[in-house]
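Undergrad: Structure for this input, please:
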Amino acid sequence: MSKSIHEKIEAAKAEIAQKEAHIKQLLQQQKAQERKDRNHRLCKRGGLVEKLLPDLVKLTDEQFDTFVQKTLMSGFAEKVLRQLVPPSQPEDKTELAQSAAASSGTDASRTGATARVAG
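TA: Residues are numbered from 1 along each chain as shown. Here you go, the predicted model:
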(Lines give C-alpha, C1' and ligand atoms only; values in the text may rest on other atoms or scores of the structure.)
Protein backbone atom coordinates (compact mmCIF):
# COMPACT_ATOMS: atom_id res chain seq x y z
CA MET A 1 0.00 0.00 0.00
CA SER A 2 1.18 3.49 -0.77
CA LYS A 3 1.16 6.23 1.80
CA SER A 4 -1.54 8.82 1.73
CA ILE A 5 -0.65 12.45 1.05
CA HIS A 6 -1.24 13.24 4.72
CA GLU A 7 1.23 10.53 5.79
CA LYS A 8 3.80 11.80 3.29
CA ILE A 9 3.42 15.33 4.63
CA GLU A 10 3.87 14.14 8.21
CA ALA A 11 6.94 12.10 7.25
CA ALA A 12 8.43 15.12 5.45
CA LYS A 13 7.75 17.35 8.49
CA ALA A 14 9.45 14.82 10.75
CA GLU A 15 12.44 14.71 8.40
CA ILE A 16 12.61 18.53 8.38
CA ALA A 17 12.53 18.57 12.19
CA GLN A 18 15.40 16.08 12.29
CA LYS A 19 17.42 18.14 9.82
CA GLU A 20 16.77 21.33 11.79
CA ALA A 21 17.88 19.62 15.01
CA HIS A 22 21.01 18.40 13.25
CA ILE A 23 21.74 21.92 11.96
CA LYS A 24 21.27 23.32 15.47
CA GLN A 25 23.68 20.72 16.85
CA LEU A 26 26.27 21.51 14.18
CA LEU A 27 25.98 25.25 14.86
CA GLN A 28 26.51 24.61 18.58
CA GLN A 29 29.60 22.53 17.78
CA GLN A 30 30.89 25.30 15.52
CA LYS A 31 30.42 27.95 18.23
CA ALA A 32 32.09 25.71 20.82
CA GLN A 33 35.09 25.20 18.50
CA GLU A 34 35.32 28.95 17.84
CA ARG A 35 35.31 29.63 21.61
CA LYS A 36 37.96 26.95 22.14
CA ASP A 37 40.14 28.38 19.35
CA ARG A 38 39.77 31.93 20.71
CA ASN A 39 40.58 30.84 24.26
CA HIS A 40 43.67 28.98 23.04
CA ARG A 41 44.80 32.00 20.99
CA LEU A 42 44.30 34.39 23.94
CA CYS A 43 46.18 32.13 26.36
CA LYS A 44 49.03 31.57 23.92
CA ARG A 45 49.42 35.27 23.13
CA GLY A 46 49.01 36.32 26.76
CA GLY A 47 51.64 33.79 27.77
CA LEU A 48 54.03 35.20 25.17
CA VAL A 49 53.46 38.75 26.48
CA GLU A 50 54.14 37.62 30.06
CA LYS A 51 57.23 35.71 28.92
CA LEU A 52 58.64 38.78 27.17
CA LEU A 53 57.61 41.24 29.90
CA PRO A 54 57.51 39.28 33.18
CA ASP A 55 56.87 42.40 35.30
CA LEU A 56 53.39 42.64 33.75
CA VAL A 57 52.31 39.90 36.17
CA LYS A 58 52.65 42.43 39.01
CA LEU A 59 50.18 44.88 37.43
CA THR A 60 46.55 45.13 38.41
CA ASP A 61 43.97 44.68 35.67
CA GLU A 62 43.52 48.45 35.50
CA GLN A 63 47.27 49.07 35.24
CA PHE A 64 47.57 46.38 32.56
CA ASP A 65 44.71 47.99 30.62
CA THR A 66 46.49 51.36 30.80
CA PHE A 67 49.76 49.78 29.67
CA VAL A 68 48.12 48.08 26.71
CA GLN A 69 46.17 51.20 25.70
CA LYS A 70 49.26 53.41 25.81
CA THR A 71 51.58 51.00 24.03
CA LEU A 72 49.28 49.51 21.42
CA MET A 73 47.54 52.74 20.48
CA SER A 74 50.86 54.32 19.51
CA GLY A 75 51.66 55.22 15.94
CA PHE A 76 54.58 52.80 15.94
CA ALA A 77 52.40 49.85 16.97
CA GLU A 78 49.87 50.68 14.27
CA LYS A 79 52.62 51.00 11.66
CA VAL A 80 54.04 47.58 12.56
CA LEU A 81 50.56 46.03 12.51
CA ARG A 82 49.81 47.50 9.08
CA GLN A 83 53.06 46.07 7.75
CA LEU A 84 52.11 42.62 9.05
CA VAL A 85 48.43 42.78 8.08
CA PRO A 86 47.65 45.31 5.34
CA PRO A 87 44.15 46.76 5.59
CA SER A 88 41.71 45.03 3.27
CA GLN A 89 39.51 48.09 2.78
CA PRO A 90 40.28 51.78 3.00
CA GLU A 91 38.97 53.21 6.24
CA ASP A 92 39.13 56.46 8.11
CA LYS A 93 41.94 55.69 10.55
CA THR A 94 41.46 58.92 12.48
CA GLU A 95 37.85 57.96 13.19
CA LEU A 96 38.96 54.45 14.19
CA ALA A 97 41.59 55.80 16.59
CA GLN A 98 39.13 58.29 18.08
CA SER A 99 36.48 55.62 18.66
CA ALA A 100 39.07 53.38 20.33
CA ALA A 101 40.27 56.27 22.47
CA ALA A 102 36.70 57.17 23.39
CA SER A 103 36.06 53.63 24.60
CA SER A 104 39.22 53.78 26.74
CA GLY A 105 38.46 57.25 28.06
CA THR A 106 41.41 58.96 26.38
CA ASP A 107 41.66 61.64 23.74
CA ALA A 108 43.11 60.29 20.49
CA SER A 109 44.74 63.59 19.56
CA ARG A 110 46.35 63.82 23.02
CA THR A 111 47.72 60.24 22.94
CA GLY A 112 49.03 60.45 19.39
CA ALA A 113 46.72 57.63 18.34
CA THR A 114 45.95 59.14 14.96
CA ALA A 115 46.85 56.97 12.04
CA ARG A 116 50.31 56.93 10.61
CA VAL A 117 50.35 54.72 7.54
CA ALA A 118 53.57 53.16 6.33
CA GLY A 119 54.55 54.41 2.88
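Undergrad: quick check: domain ranges of this structure?
TA: As recorded under automatic domain parsing, the domains making up the chain are 1-58, 59-119.
Undergrad: rank these by mean pLDDT and give me the bottom one.
TA: Across the domains of the chain, domain 59-119 has the smallest mean pLDDT, namely a mean of 68.
Undergrad: Could you check how far the lengthiest helix in the chain is from the centre of its chain?
TA: Longest helix in the chain, counting residues (DSSP state H): helix 5-52. In terms of Cα atoms, centre = their mean, to the nearest Å, the centre of helix 5-52 is found 17 Å from the chain centre.
Undergrad: one step back: okay, the domains of the chain in JSON lines with mean neighbour count next?
TA: The C-beta positions use only the backbone N, C-alpha and C, and glycine is treated the same way. Listed next are the domains of the chain as JSON lines, based on neighbours: other Cβ atoms under 10 Å:
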{"stretch": "domain 1-58", "mean neighbour count": "10"}
{"stretch": "domain 59-119", "mean neighbour count": "13"}
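Undergrad: Contacts for stretch 4-17 next, please.
TA: Stretch 4-17 has contacts (Cβ atoms under 8 Å, 6 or more residues apart in numbering) with Lys3.
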